[in-house]
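Chemist: Just to be clear, the model below is a prediction. Sequence and coordinates:
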Amino acid sequence: MGDEQLLAHTSIALTMLQRVLSPTMEAHTWTYNAVNISRGGVPADGGVVEMRGAAIELLKRMFLLSPAVAHRELVLQAMGAATRRERPSSDARTSAMFESNAIDVLNFLRGQVAMQEMQVVQAIENDGYWNYYHAASAPIAAAALEVRDAVSKLPEYQIYKDLIGFKGIHGVWEDLKGSQTAWEDRDKQRREASARYLNSIDAQTYDTWRTRILEFAKSRSDDLAMFPIFYDFLGALARRMPAMALELLRDHEGRVRPFAIALLNGLWASDRAEDALALVRVWMADRTKLASIAKSLNVDENP
């Protein structure tokens, strides 16, 4: 298929490739009153090595066909099949195949880190960590840690991860793998970082933070409740710097629309509540954003 044709049939192609890269296979035998299901690991025989390698190369190609975050996340999900195995294999050739596939994918992800949007970097970091956690060999673990090291070189992503990072990996990977308690302070640390970022916004950093907020607001999930720290950050920002919140809502409403409730809620508690009310009245006259307006008022302090 050409690129346009392949992109048009992304869903079908990814479904097929995930099955091709599955580490297991099943067989079914039927009689008139029973069905027997047998399951086993995929062996490195009969052209399987070459087929899996070709499937991974096709996924790399598909990843680059569209810059859309949703598309790239779907391709990453399919790539994940190439890094899994059913169980350690006693067959050295099969073990080598799975190891080679996992390292191939991880090396590709490492190479993409510096070129991707924040939400895609987050997905790559998440995939890298879980490959490290489940690594069946030292070379796979080392390749995963190289993904981590590439991500760590992106200072802007570290801020994104604190404010947005519902899939981000917070903490030292080696500690997280060895102790469940290492995960427990994650939200506390993120909220402390959020407070530091809020305190850093002043006349000198105003433009940088406006640009950053607009970029972070592009993040999407199936459930916007996945962004509680960013919601709280925007609400606190609106209370402390209502002029910025009003600017975001007036001039960039399309970008911040999913987070308008947080900004409005903070504005109601600020010294610019009357200005916020004037803006809301314009929206109400146009019969737009009514749900966001209502939800921003549906809290005890704004009866």
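Modeler: Here it is on my side, so go on.
Chemist: Helices of the stretch 101-250 of the chain, residue ranges please.
Modeler: 118-133, 138-152, 155-163, 173-178, 186-199, 206-216, 228-240, 242-251 (DSSP state H, counting those that start in this stretch).
Chemist: Using CSV, write out every CA atom in the second one.
Modeler: The C-alpha atoms that make up helix 138-152 are tabulated as CSV, following Å, rounded to 0.1, in the frame of the first residue of the first chain:
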residue,chain,number,x,y,z
ALA,A,138,19.8,-7.3,30.6
PRO,A,139,20.1,-6.0,27.0
ILE,A,140,16.4,-5.2,27.0
ALA,A,141,16.6,-3.4,30.3
ALA,A,142,19.6,-1.4,29.0
ALA,A,143,17.7,-0.4,25.9
ALA,A,144,14.7,0.7,28.0
LEU,A,145,17.0,2.8,30.3
GLU,A,146,18.3,4.5,27.2
VAL,A,147,14.7,5.6,26.5
ARG,A,148,14.6,7.0,30.0
ASP,A,149,17.8,8.9,29.6
ALA,A,150,16.6,10.4,26.3
VAL,A,151,13.4,11.6,28.0
SER,A,152,15.3,13.0,30.9
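Chemist: Which strands or helices does that helix pack on?
Modeler: Contact partners of helix 138-152 among helices and strands, from 3 or more Cβ pairs under 8 Å, 6 or more residues apart in numbering; DSSP states H and E: helix 92-112, helix 118-133. Any C-beta I mention is one placed from the backbone N, CA and C, and that applies to glycine too.
Chemist: Buried residues in it, which are they?
Modeler: For helix 138-152, burial by neighbour count (16 or more other Cβ atoms under 10 Å) applies to 140, 141, 143, 144, 145, 146, 147, 148, 150, 151.
Chemist: Can you get me a residue count around the closest residue to residue 165 other than its chain neighbours?
Modeler: Of all residues not flanking residue 165 in the chain, residue 122 sits nearest, at 6.0 Å (Cβ to Cβ, 6 or more residues apart in numbering). Close neighbours of residue 122, defined as other Cβ atoms under 10 Å, add up to 24.
Chemist: ok, residue 122 - contacts?
Modeler: Counting by Cβ atoms under 8 Å, 6 or more residues apart in numbering, residue 122 touches 157, 160, 161, 164, 165, 167, 168.
Chemist: Packing partners of the strand or helix carrying residue 27?
Modeler: In this structure, residue 27 sits in strand 24-31 according to DSSP states H and E. Under the contact definition 3+ Cβ pairs under 8 Å, 6+ apart, strand 24-31 sits against strand 34-41.
Chemist: and the angle from the strand it packs on to strand 24-31?
Modeler: 160 degrees (axes from the mean of the first three to the mean of the last three Cα atoms, to 10 degrees).
Chemist: After strand 34-41, which helix or strand is next?
Modeler: Taking DSSP H and E, what comes next after strand 34-41 is helix 48-63.
Chemist: Any buried residues in that following helix, and which?
Modeler: 49, 52, 55, 56, 58, 59, 60, 62, 63.
Chemist: What of stretch 10-28?
Modeler: For stretch 10-28, the neighbour count (16+ other Cβ under 10 Å) marks 10, 13, 14, 17, 18, 20, 21, 23 as buried.
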